[in-house]
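Quick one: sequence plus predicted model below, questions after.
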Amino acid sequence: MVLDADAHLNDEVFLSPALQNKPASSWGVKVKERLKIVTPYLGKFRPTVGQCCHQCTPDSLGKTLGQKTASLGFQNVLAVDETQIRYRGWLVRRVCCVLFVSGCSVSPSPAGDRLDRVRQSIRVQEALCEEHAAPPGPGHQGESSRLPPYLSSLINTCISPGFLRFGCWLCLKTLGSVFSSIQVNLNHVAALHRASQQGPPLVYVFMRQSSLDFVLIPLLLFTQNLRVPYTFCPQQMNCSWLRSILQKVGVVFLPPNVPTEDDAELDDLYSPTMTALLRELLCEGQALSVSVCRETGRGGQWLARIRQIIKEGVVPDVSLVPVGISYDSIPNTGTPVGLGSLFRRLWAAVWSQPSSSLRVHFAQPFSLKETCATGRCRVDGWRPLQELLLPAVLYGRTEEIVGQRKMSWILPSHYTPELVQSERDLSTALTLHLIYSTTSCMAVMSTSLVATLMLHRHRKGVHASALCRDVAWLTEELLFRNKDVGFGGSLPEVVCYALALLGPHLTIISTASRKDIFVVPRPSVDAITSLSIPTQIVTHSFIAEAVGACAVSAMLSEVASSGVSHRVRSGGQRGEEVRGDMEFDVALCETQLTQRSLQLYHLLPPGFIPPCQSSQSFALEAVDSLVRCGLLVMEEITRDTPVCDSWKRRVGQSWRTMDDLYNSDSDCEEPEARSYKLSQPSQCPKMLFFLCSMLAGHLRALCWATEGVQYLTTPMPVAQCEAVIHLHLCSRANQDKQYESCTEEAARIAVRTLTDLGVLVEEPLGNGTNLAVSPLFLLPDNTQKLQRFITQYIYS
């Protein structure tokens, strides 16, 4: 812990966890009194977020660019008052929520004969015949028409207006005890109204963060008088009566006694039945809501099924709507929902004081048919990761291997097995694009800013006044990158609000000798991992700069280890100590910087860049982004002839005919390789280390996982392998005090990357998959080479 030199032990006031859990009104007032920086407001303009891809869907983008809508602002859906209903009066104010819910429009969707239509579909008939080991024919029609009871219950899911109104009223009351506000952008809602009137059904796609995500989207659409979608929830509901109630508001759960999505997809009847159900819902014009997981890529099977339905011509087209949900603090709802746990959560929510808030952005709808049928979303350059990186890792080859990393684990072969490989690759690309789109339209909350600064810039602690300045700087950088923020107000209030929510993970010190508090992260596993979760959205915004900074750090480390001399710009001397900024007298070649950035790009988890952007263009953008932010400056090369002199310096023909249209004055000159040097302002080293720290957690976990391969008694199932790697990450984190690299998510991503690299080899075993160490990496030298390759990008 870092304290000021004039701080005495008796003057320190440590805030206990009980005080930190209280809202800002208790101890936050004292914090605001200590802050001396006062700004009128943050965010002088609001960027336009959620636009669809200009490369994959230019027609969908062009439909809305010409439509100018006045700024409608935001609406808090929890703040229901008499202005939103037709009645006025004292009694109306007491029951205004009931009147508001009863006045919202609902499009009922009864099940009707949907079960019979699903039974009669060709896919289901063929699957049933294979299930009974009989060829399809008239004699077996009666036997094959039976579906298991759990599939029949899933198909009978409907939307009942009465249950929907009661469920939304209960959600408004319950969520009002958990969140202080749920903000929705009304401009996005107006765009959804226009899209729903144009014809194609809407399919909402969002990122899995919490179980509340599956509740928020139907609730928000209901309050805005939009069609409530059928929500496909990949979770298990243990309470039978609650399950039946939620099925009447359009929620499709996993089959009973099936714990995970993978287990459900292994059933031969599940996939064709769900495809037939999607077909019937889209033919009815119903809206759908599906989720995707950035960690595992799960959820792409629903998009693949929708693509398959459109390709068959059953439905002309659908409009995909990425949804970005941003929490101040993500609630812990990962455990299965049972009757006892549900009542405990409701009871705790009613008696708790709302503290956090969230913001929802509905991105611009775009055509699925345009994305896939036009071929603009390319998948022809995909190559296995071991082909892209192993030549450089094991043999030190520097030639550039063109291609993008192939991630076959996003849509495994047992998911929609009827798809051919080309269609599977296209569905995988669509899933990756939607993971990127949903993350891009998320707003950055104040807790994300403070957590990012505490972990990546002020790990040893910072005063509140300096933290306020950094929050203002980081906010401007995010707005400059067209990233919306989910907060507003004066700067001290924003920082105080974020510190109140992050209080359990921080130590806040107040001294009598200084009128400024001191904030430092708690050195514990729970605190560091909890702070690392909200920082992911900021890392996504700075990914190009972070990759470029890690490439610069790798090259500087190589220069320093090679013994190249450097010079010091001195600011004064005291004996043997030299005070000043270190300045390496070396030039960084653009080709090598691009190559290092390209290699690091292949090690990133999915979701940081869209698949329609080539890896080479991203590597060039990583270098250019460092030039734009002032970290690199182009080295000036002295020339005998000025650059502006276009006179040809060659002997020979100095004229050309008019027919030689492709000849130019620059044809005789080869492009010169550019080189860069580090700029020398005072903030350059801090900015470089700040950007490198954003990727250090992921790279460190990958390096530790490579080291932990030796502890695998292979072959073993994937889940067991991830558990062993996770234990090794926790052991190394306790040793090195780098706790952000020991989460379960980091272990799963590391195992996926090592599998793509060829370190771990997949061996099919019945309905599952085993992982075994590759013979190539049973040699300790190859494992050490891979560790050194990853370590070069880690700044420590």
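Looks like it arrived, so ask away.

Tell me the buried residues in the one helix or strand residue 166 maps to?
Applying DSSP states H and E as the criterion places residue 166 in helix 161-178. Buried residues in helix 161-178, defined by neighbour count with 16 or more other CB atoms under 10 Å: 161, 163-165, 167-169, 171-172, 175-176, 178. From N, CA and C alone the C-beta is placed, and that goes for glycine too.

again, but for stretch 787-796
Buried-residue list, stretch 787-796, by 16+ other CB under 10 Å: 787, 789-795.

Ok, stretch 390-401 next?
So stretch 390-401, judged by 16+ other CB under 10 Å, has buried residues 390, 392-394, 400-401.

Narrow the residues you listed to those in strands?
Nothing among the buried residues of stretch 390-401 maps onto strands, per DSSP state E.

what's the lowest-pLDDT member of the residues you listed?
Within the buried residues of stretch 390-401, residue 400 has the lowest pLDDT, namely 65.

Could you break this protein into its assigned domains?
9-44+442-530, 58-373, 700-791 (automatic domain parsing).

got the ones you listed as TSV, with mean pLDDT and distance to residue 607 columns?
TSV is the format used below for the domains of the chain (pLDDT from 0 to 100; distance: least, CB to CB, whole Å):
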stretch	mean pLDDT	distance to residue 607
domain 9-44+442-530	76	11
domain 58-373	83	5
domain 700-791	91	11
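
Any chance of a markdown table for these, columns distance to residue 428?
Formatted as a markdown table, these follow (distance: least, CB to CB, whole Å):
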| stretch | distance to residue 428 |
| --- | --- |
| domain 9-44+442-530 | 22 |
| domain 58-373 | 6 |
| domain 700-791 | 13 |
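
Show me the one of these that comes nearest residue 613.
Proximity to residue 613 (CB to CB) singles out domain 58-373 among the domains of the chain, at 14.6 Å.

Span of the closest one from start to end?
Domain 58-373 has its terminal residues 13 Å apart, counting by CA to CA, to the nearest Å.

And it, how far out from the chain middle?
20 Å (CA atoms, centre = their mean, to the nearest Å).

The chain should start at 36 in everything you say after this.
Shifting the count to begin at 36 puts that one at domain 93-408.

Distance from the helix ranked longest in the chain to the middle of the chain?
Criterion DSSP state H: the longest helix present in the chain is helix 719-743. From the chain centre to the centre of helix 719-743 is a distance of 18 Å (CA atoms, centre = their mean).

Residue 656 is nearest to which of the domains of the chain?
domain 44-79+477-565 (12.3 Å).

Identify the residues contacting the nearest residue to residue 111 once chain neighbours are set aside.
Closest residue to residue 111 apart from its sequence neighbours, by CB to CB, 6 or more residues apart in numbering: residue 216 at 4.4 Å. Neighbouring residues of residue 216 by CB atoms under 8 Å, 6 or more residues apart in numbering: 111, 113-114, 392-393.

ok, now residue 497?
Contacts of residue 497 by CB under 8 Å, 6+ apart are 488-489, 505, 553-555.

mind putting these in a markdown table, distance to residue 262, neighbour count and secondary structure included?
Listed next are the contacts of residue 497 as a markdown table, based on distance: CB to CB, whole Å; neighbours: other CB atoms under 10 Å; DSSP: H, G, I helix; E, B strand; the rest coil:
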| residue | distance to residue 262 | neighbour count | secondary structure |
| --- | --- | --- | --- |
| 488 | 42 | 23 | helix |
| 489 | 42 | 27 | helix |
| 505 | 44 | 19 | helix |
| 553 | 52 | 22 | strand |
| 554 | 46 | 23 | strand |
| 555 | 49 | 18 | strand |
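
Tell me which of the buried residues of stretch 822-831 fall in strands.
Among the buried residues of stretch 822-831, no member falls in strands (DSSP E).

coming back round to it: roughly how far apart are the residue nearest to residue 111 and residue 390?
11 Å (CB to CB, to the nearest Å).

Residue 196: what's it in contact with?
Here residue 196 is in contact with 141, 143 (CB under 8 Å, 6+ apart).

Next: residue 139.
With CB under 8 Å, 6+ apart, residue 139 has these contacts: 200, 203, 257-258, 260.

what do you get if the cut-off is 7 Å, keeping everything else the same?
257-258, 260 (CB atoms under 7 Å, 6 or more residues apart in numbering).

Looking at those residues, which is nearest residue 714?
residue 258 (50.4 Å).

Phi and psi next, for the closest residue to that closest one other than its chain neighbours.
For residue 258, ignoring the flanking residues on the chain, the nearest one in space by CB to CB, 6+ apart is residue 112 at 4.9 Å. Main-chain torsions, residue 112, degrees, to the nearest 10: phi -70, psi -20.

any idea how far residue 112 lies from residue 804?
Distance from residue 112 to residue 804, by CB to CB: 43 Å.

So which of the two has more stuff around it?
Neighbours were counted for residue 112 and for residue 804 using other CB atoms under 10 Å; residue 112 has more, 23 against 17.

give me the beta-bridge partners of the residue nearest to residue 111?
residue 392 (DSSP bridges).

same check, this time on the one 4 residues further on
For residue 220, the beta-bridge partners are residue 109 (DSSP bridges).

Could you check how many residues crowd around it?
That count, for residue 220 with other CB under 10 Å as the rule, works out to 24.

now the helices for the stretch 586-735 of the chain?
625-636, 650-663, 719-743 (DSSP state H, counting those that start in this stretch).

how about those, which one is nearest residue 404?
It's helix 650-663; of these, that one is closest to residue 404 (CB to CB) at 26.0 Å.

who touches the residue most central in space within the chain in this structure?
In the chain, the C-alpha nearest the mean C-alpha coordinate belongs to residue 474, at 4.4 Å (CA atoms, centre = their mean). The contact partners of residue 474, by CB under 7 Å, 6+ apart, come to 242, 575, 642.

same thing with residue 728?
Residue 728 touches 491, 830, counting by CB under 7 Å, 6+ apart.

separation between it and residue 667?
18 Å.

what does residue 333 give?
Taking CB to CB, one finds residue 333 at 39 Å from residue 667.

right, and residue 780 touches residue 330 too?
Yes: contact criterion CB atoms under 7 Å: residue 780 and residue 330 qualify, at 5.3 Å.

Test my guess that residue 776 contacts residue 736.
Yes: the pair residue 776 / residue 736 is scored as a contact, 4.0 Å apart, by CB under 7 Å.

any common contacting residues for those two?
With CB under 7 Å, 6+ apart, residue 776 and residue 736 have common neighbours residue 764.

before we move on, back to that, figure out which of the domains of the chain is closest to residue 638.
Of all those, domain 735-826 comes closest under CB to CB, at 6.5 Å.

Okay, helices next: where are they in the stretch 86-235 of the chain?
93-100, 125-129, 131-138, 149-154, 157-166, 176-179, 184-190, 196-213, 221-233.

can you put those in a markdown table and add distance to residue 581?
As requested, those are exported to a markdown table (distance: least, CB to CB, whole Å):
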| stretch | distance to residue 581 |
| --- | --- |
| helix 93-100 | 28 |
| helix 125-129 | 51 |
| helix 131-138 | 45 |
| helix 149-154 | 48 |
| helix 157-166 | 45 |
| helix 176-179 | 55 |
| helix 184-190 | 43 |
| helix 196-213 | 33 |
| helix 221-233 | 29 |
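
check contacts around the nearest residue to residue 740 once chain neighbours are set aside.
Nearest non-adjacent residue to residue 740, counting by CB to CB, 6+ apart: residue 785, 3.6 Å away. Shown in contact with residue 785 (CB under 7 Å, 6+ apart): 736-737, 740, 760.

Sketch out the low-pLDDT regions of the stretch 536-685 of the chain for me.
547-548, 597-620, 671-685 (pLDDT under 70).

Enumerate the positions of the one helix or strand residue 759 maps to that are buried.
In this structure, residue 759 sits in helix 753-771 according to DSSP H and E. Within helix 753-771, the residues scored as buried using 16+ other CB under 10 Å are 753, 756-757, 759-761, 763-765, 767-768.
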